[in-house]
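> mind folding the following:
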Amino acid sequence: MQLISNGLTIGTVARAAGVDVETIRFYQRKGLLGEPERPQGSFRRYGPDDVARLQFIKSAQRLGFSLDEVAGLLQLDDGMHCDQARELGERKLMDVRAKIAGLHRIEVALARMVRDCGSSLGSTSCPLIEALHARVRDTTLEHGDPAHP
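Residues are numbered from 1 along each chain as shown. Coordinates of the predicted model:
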């Protein structure tokens, strides 16, 4: 890492953390990363802790945590709040499992539609397209047709 007067430039920090400069500025506006003072006529200087914090944020995002949730985790990052961090992790795990279950239901329905598509040779209507139309009709009946109140 290129040190500039005992600190790293924002570009160097961005490269080291694997993010864009604009990402750093966005995180600063969101309060996730501090904004160092700018000495008169010089560049802001960042340190290795800033790189580590950016890497923490990106790591948490890869696990599915929103930036608001990441902010909560960062507040707990003092080694004294493991129970609260675990609770956040457990909630995220439940969310992930619910999404997986939903994706599994979608997979089963789509696989059935694709299978039916292959078994309808010679018919005038594609079962996949017809199933999608039927879902639209069912949704319209459940929620009312805005075109025909």
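> longest helix anywhere in this structure?
helix 82-118 (DSSP state H).
> residues of that one that come out buried?
Neighbour counts using 16 or more other Cβ atoms under 10 Å place Leu88, Lys92, Met113, Cys117 of helix 82-118 among the buried residues. For glycine as for every other residue, the C-beta is placed from the backbone atoms N, C-alpha and C.
> tell me the one of those residues nearest Glu142?
Lowest distance from Glu142 to the buried residues of helix 82-118 (Cβ to Cβ) belongs to Met113, with 19.9 Å.
> tell me who's in contact with that closest one.
For Met113, the contact set (Cβ atoms under 8 Å, 6 or more residues apart in numbering) comprises Pro127, Leu128, Ala131, Leu132.
> closest to Gly7 among these?
Leu132 (56.6 Å).
> element containing that closest one?
According to DSSP states H and E, Leu132 maps onto helix 127-143.
> so where is the protein shaky, pLDDT-wise?
Along the chain, the parts satisfying pLDDT under 70 run over 1-6, 120-124, 143-149.
> any idea how far Arg112 is from Lys30?
As judged by Cβ to Cβ, to the nearest Å, Lys30 and Arg112 stand 43 Å apart.
> neighbours of Gly72, how many?
Counted with other Cβ atoms under 10 Å, the neighbours of Gly72 add up to 16.
> over to Asp78?
Look at Asp78: counted by other Cβ under 10 Å, it has 7 neighbours.
> quick one, phi psi at it?
phi -130, psi 10 (degrees, to the nearest 10).
> is it true that Glu35 lies in a strand?
No: according to DSSP: H, G, I helix; E, B strand; the rest coil, the state of Glu35 is coil, so it is not within a strand.
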